[in-house]
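A.B. asks: What shape does this take:
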Amino acid sequence: MPTTYRVGLIGCGRMGATIDDEVKSGPNAQLFLPYSHAAAIVACERMELVAVCDPIEEKAERIRDRYGAQRAYADYREMIERENLDVVSIATRPGPHAEQVIFAAEAGVKGIYCEKSLCNAVHEMDAMLQACTPRGVKFNYGTQRRYAALYRDARAMIERGDLGEVQAVVANCGISVAQWGHTHAADMMLFFALDSEAEFAQGTVQAEAADWEGDRLTIDPRISNGYVQFKNGIHSYLVGAPGWEFEISGTEGTLRTLSNGMGYSLRQKDEHGELRPVGAPEAIIESGTLRGMEDIVRAIDEDGDTQGNLTLACRSQELIFAIVESHRQGGARVALPLENRALSIAPDHY
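C.D. replies: Numbers count the residues shown, from 1 in each chain. The predicted model follows:
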C-alpha cells in the first residue's frame with residue numbers, strides 16, 4: 001500500500017491557509033484551487049496534514065480545526081521535533097525561510113515545499129543549499145506555474161522543437177514588487193529558458209539611494225523592466241505590459257500563454273516564412289500548488305528530483321537580486337552568480 005506522508009505546515013496566514021477564500025467565487029477560480037498550502041496538502045491523496053504552526057496561537061488552532069489537523073503549535077521547532085514529519089510546508093514571510101528550511105533539513109525531513117520569495121539575502125540561499133543538498137531533501141518552490149500542466153505542456157512544445165531554436169522569452173507581467181510579485185515572473189523566465197544558468201542580468205527598479213543601508217535594500221522595489229542573458233543563448237525580457245502572459249519566440253514559431261494561464265496561442269512559419277496560427281493542444285487548467293505537492297510525493301517515492309528543486313529556486317531568486325543590483329549600479333550588466341553574497345532585499349516587515 002502506498003505510503004501516506006506526514007506533513008506539518010509552518011505559517012497559517014494567507015498563502016498558508018486562507019487565500020482560497022479570496023478566489024473561490026472569482027473568475028477563473030479553477031486556475032488556482034486548491035491554492036493555499038493547507039488546501040493542497042489536504043487534497044493530495046498521499047499526504048496527511050498532521051500539524052500546523054503559527055506564532056498566533058488562536059490562528060493556528062483555527063486552521064487546525066478548519067483542515068482537520070491533529071495538533072497546533074506556536075513554535076515550528078517543537079512541531080518538527082515532536083511530529084516525526086516527512087514533509088514540511090513553509091508559508092511564512094521570507095525573513096525566516098532560511099532558518100526554517102535549515103532546521104527542517106537537519107531534523108531529517110524528506111521533503112520541503114517553500115513559499116516564494118525564497119529568502120531575503122543571497123547568502124541565505126547558499127546556506128539553504130548547504131543544508132538540503134547533501135541530505136537529499138526533495139524541495140519544491142512555491143512558484144506554482146511551473147508545476148501546472150498548461151505551462152509544462154508549453155515547455156514540452158519548446159523542447160520537441162515546435163518553435164525551432166528558441167531565441168527570446170518575454171514576460172508580460174506588469175510593474176510589480178520584486179519579492180512579492182516578480183519572483184513568479186523570474187521563475188517563468190527561467191522555466192521557459194529551459195532552466196539554463198544565466199550569464200548576466202540588467203534592470204530598472206523603483207528605489208532610491210536613501211532606500212539602501214549598506215547592502216540591504218529596505219524596501220521591496222517595483223521592477224519596471226528586466227533583461228536576462230542565459231548561457232544557452234536565450235534572451236529573456238520582463239516588461240511593464242500587464243496580463244501575466246509569456247511569449248516564447250523561436251526560429252520557426254511563437255507560443256504565447258494567455259490570460260494568466262487560461263490557454264495559449266501557437267503560430268508557426270509557413271512555406272513563405274510568415275507566422276500563421278496553428279492548432280495548439282488542449283489547455284489543461286489545474287492547481288499548481290497541488291501538483292507541486294504531488295511532485296514532492298513522487299520524488300520521495302522514486303528518490304528522484306523535483307520539478308522546482310532548490311537549485312532552480314536559488315537560480316530564479318538570484319535573478320531578482322541581480323536585477324536590483326543592476327539598478328543600484330546604474331543599469332550595468334551584473335554577472336551571475338552574484339559576487340556580492342551579502343546583498344539583501346529586506347524590509348522590516350519581511
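
A.B. asks: ok, Arg66 - how many residues close by?
C.D. replies: Neighbours of Arg66 under the rule other CB atoms under 10 Å: 15. Bear in mind the C-beta positions are built from the backbone N, C-alpha and C, glycine included.

A.B. asks: With adjacent residues omitted, what lies nearest to it?
C.D. replies: Leaving aside its chain neighbours, Arg66 sits nearest to Ala17 (7.1 Å; criterion: CB to CB, 6 or more residues apart in numbering).

A.B. asks: got it, and Ser316?
C.D. replies: Ser316 sits nearest to Asp187 (CB to CB, 6+ apart), 4.2 Å away.

A.B. asks: so how far is stretch 41-52 off the chain centroid?
C.D. replies: 20 Å (CA atoms, centre = their mean, to the nearest Å).

A.B. asks: Show residues contacting that stretch.
C.D. replies: Outside of stretch 41-52, the residues that reach it under the criterion CB atoms under 8 Å, 6 or more residues apart in numbering are 2-9, 12, 16-17, 34, 38, 60, 63-64, 67-73, 79, 83, 85, 87, 89, 287, 290, 293-294, 297.

A.B. asks: Separate out the buried members of those residues.
C.D. replies: Among the contacts of stretch 41-52, those scoring as buried are 5-9, 12, 16-17, 34, 38, 60, 63-64, 67, 69, 72-73, 79, 83, 85, 87, 89, 287, 290, 293-294, 297 (criterion: 16 or more other CB atoms under 10 Å).

A.B. asks: Tell me who's in contact with the residue nearest to the spatial centre of the chain.
C.D. replies: Compute the mean C-alpha point of the chain, and by CA atoms, centre = their mean the closest residue is Thr143, 2.2 Å away. Shown in contact with Thr143 (CB under 8 Å, 6+ apart): 116, 183-184, 187-188, 308, 313, 316.

A.B. asks: go with 6 Å
C.D. replies: 116, 184, 187 (CB atoms under 6 Å, 6 or more residues apart in numbering).

A.B. asks: could the residues you listed go into TSV alongside secondary structure?
C.D. replies: As requested, those are exported to TSV (DSSP: H, G, I helix; E, B strand; the rest coil):
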residue	secondary structure
Lys116	coil
His184	helix
Asp187	helix
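
A.B. asks: Which one of those residues is nearest to Asn28?
C.D. replies: Nearest to Asn28 among the contacts of Thr143 is His184, at 16.0 Å by CB to CB.

A.B. asks: Show me the strands in the stretch 51-200 of the chain, by range?
C.D. replies: With DSSP state E, counting those that start in this stretch as the criterion, the stretch 51-200 of the chain has strands at 71-73, 87-90, 111-114, 138-141, 166-172, 176-177, 198-205.

A.B. asks: Out of those strands, the one nearest Arg256 is which?
C.D. replies: Closest to Arg256 of the strands of the stretch 51-200 of the chain, according to CB to CB: strand 166-172, at 8.7 Å.

A.B. asks: If you count neighbours, what's buried in the closest one?
C.D. replies: 166, 169-172.

A.B. asks: what is the mean pLDDT for that strand?
C.D. replies: For strand 166-172, mean pLDDT rounds to 98.
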